[in-house]
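Student: below is the sequence, then the predicted model.
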Amino acid sequence: METHLEQGGNARNEAVSVWRTVGKAPRAGSGPEPPPETPRIPKAAYASSVFAFGQGQTRTSAELLFDSFSQPVAQGARSAAGGARHLLYRADPYQIDLQIQMGADRHALAITGQVLDLRQPELLGHGVSVVISNRSGDVVCTMTNQFGEFRNEIPNSGNLELEFPELTQQPVVIALRDPLDQSSTKSHARSDRIKSPRSKKRKKT
């Protein structure tokens with residue numbers, strides 16, 4: 001083989017060099033594994049992405065306690081979409097406070113939130129992973145600060161999903177459709193109202 005290679009040209013020698021490098025790659029990749037916390041954020045991002053939906057992952061929906069869009073609008077106030085929306089969720093033993101509003105460029109959603117542990121209210125949810133997705137391929141990973149707060153922006157696609165992959169034993173997910181469309185919330189509330197039947201007039205005989 002060595003005699004054959006010596007008689008070959010530069011192209012053959014370059015090909016041999018490439019394949020020798022490929023042969024060394026498996027040995028070079030068998031080093032120590034990275035720390036467990038290193039791949040945590042990429043794994044969380046994949047778990048919340050559209051590519052992972054429907055692959056058997058069990059997720060828990062948080063319970064909605066308060067939605068400012070479902071409250072009556074004060075007389076004389078504008079009812080157009082685009083105002084800030086305040087939401088309060090509970091995923092025992094945690095409480096998640098959210099505020100959603102338009103971002104600076106008017107094409108993105110600005111999400112501000114805080115995580116509170118109800119078992120120990122004095123200890124705020126520090127270092128909690130948060131994965132924000134618009135269900136259209138955009139995923140933003142962030143983490144709560146020392147006050148349990150987080151803030152980030154994501155392009156507005158009409159859908160919004162927040163996932164807390166490590167908050168409880170199962171990932172906690174909050175999903176919203178048209179998060180700043182107040183009209184959809186109002187129409188749903190109107191459909192739930194029960195109208196009293198009108199009394200029929202008796203015909204005179």
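Tutor: Here it is on my side, so go on.
Student: hey, let's count contacts and neighbours off CA atoms from now on
Tutor: OK.
Student: which SSE is P26 in?
Tutor: Secondary-structure assignment from DSSP states H and E places P26 in helix 10-28.
Student: with just CA atoms, put that helix into PDB.
Tutor: Included here for helix 10-28 are C-alpha records, laid out as PDB according to Å, rounded to 0.1, in the frame of the first residue of the first chain:
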ATOM      1  CA  ASN A  10      -1.100  14.600  -5.000                       C
ATOM      2  CA  ALA A  11      -4.900  14.000  -5.300                       C
ATOM      3  CA  ARG A  12      -4.500  10.500  -4.000                       C
ATOM      4  CA  ASN A  13      -2.300  11.500  -1.100                       C
ATOM      5  CA  GLU A  14      -4.900  14.200  -0.100                       C
ATOM      6  CA  ALA A  15      -7.700  11.600  -0.200                       C
ATOM      7  CA  VAL A  16      -5.600   9.300   2.100                       C
ATOM      8  CA  SER A  17      -5.000  12.200   4.500                       C
ATOM      9  CA  VAL A  18      -8.700  13.000   4.700                       C
ATOM     10  CA  TRP A  19      -9.600   9.400   5.500                       C
ATOM     11  CA  ARG A  20      -6.900   9.100   8.100                       C
ATOM     12  CA  THR A  21      -8.400  12.200   9.800                       C
ATOM     13  CA  VAL A  22     -11.800  10.600   9.700                       C
ATOM     14  CA  GLY A  23     -10.500   7.400  11.200                       C
ATOM     15  CA  LYS A  24      -9.100   9.400  14.200                       C
ATOM     16  CA  ALA A  25     -12.400  11.200  14.800                       C
ATOM     17  CA  PRO A  26     -14.100   8.400  16.900                       C
ATOM     18  CA  ARG A  27     -11.100   8.100  19.200                       C
ATOM     19  CA  ALA A  28     -11.000  11.900  19.600                       C
END
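Student: just the mean pLDDT for it, thanks.
Tutor: Helix 10-28 shows an average pLDDT of 75 in the prediction.
Student: list the buried residues for it?
Tutor: By neighbour count on 16 or more other Cα atoms under 10 Å, the buried set for helix 10-28 is empty.
Student: that helix - contacts with which helices or strands?
Tutor: If contacts are counted by 3 or more Cα pairs under 8 Å, 6 or more residues apart in numbering; DSSP states H and E, helix 10-28 sits against no helix or strand.
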